[in-house]
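Chemist: Fold the following and give me the result.
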Amino acid sequence: MKMFCLVKMKGGEPDVNSAVTPYYGYVHAADVAGWGAYLFSGTTAQLTAINALPNVYGICAVTESGNVKWAELDGVISSAVRTKINNWLTARGYPTIPAGWTYRQVVNAIFKRLNDRFDLTAFDVMDGG
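Modeler: Reported below is the predicted structural model:
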């Protein structure tokens, strides 16, 4: 399982203590003012624990099955996640996410705001222990 998220950075890396809150790996897409846009991989329990951290803004957990990659990105963002992400965006002077957007639209919009070269089709992290 994988999760797109915004995470406070420390020393150029996500501020997630892997000894306390383990995960398989991550890939960094962009950063702004001490925050990074990431895709983490881990078990459901690991990613749930990471998302519960106060310095993490989870956007969407995604899975792969056969030829279907990240179907969850086509779902409409929940109001709770949108509110949390919009608070983060507003605090940094970025436009907010409107209701009705899919997670794919949200990930593309936010990650491209932070890195205009971001390409969702070429972005991934290894999954597995």
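
Chemist: What residues are bridge-paired with residue 27?
Modeler: residue 39 (DSSP bridges).

Chemist: Tell me, how many residues neighbour it?
Modeler: 14 (other Cβ atoms under 10 Å). The C-beta positions use only the backbone N, C-alpha and C, and glycine is treated the same way.

Chemist: wait, doesn't it sit right on residue 125?
Modeler: Yes. Contact criterion Cβ atoms under 8 Å: residue 27 and residue 125 qualify, at 4.2 Å.

Chemist: intersection of neighbour lists for those two?
Modeler: Taking Cβ atoms under 8 Å, 6 or more residues apart in numbering as the contact rule, residue 27 and residue 125 both touch residue 39.

Chemist: Next, find the distance separating residue 3 from residue 90.
Modeler: 22 Å (Cβ to Cβ, to the nearest Å).

Chemist: quick one, which of the two is more surrounded?
Modeler: Per other Cβ under 10 Å, whichever of residue 3 and residue 90 has more neighbours is residue 3, with 24 against 11.

Chemist: just checking, that one touches residue 60?
Modeler: Yes. The pair residue 3 and residue 60 passes the contact test of Cβ under 8 Å, sitting 7.0 Å apart.

Chemist: Overlap of the contact sets of the two?
Modeler: Shared contacts of residue 3 and residue 60, defined by Cβ under 8 Å, 6+ apart, are absent.
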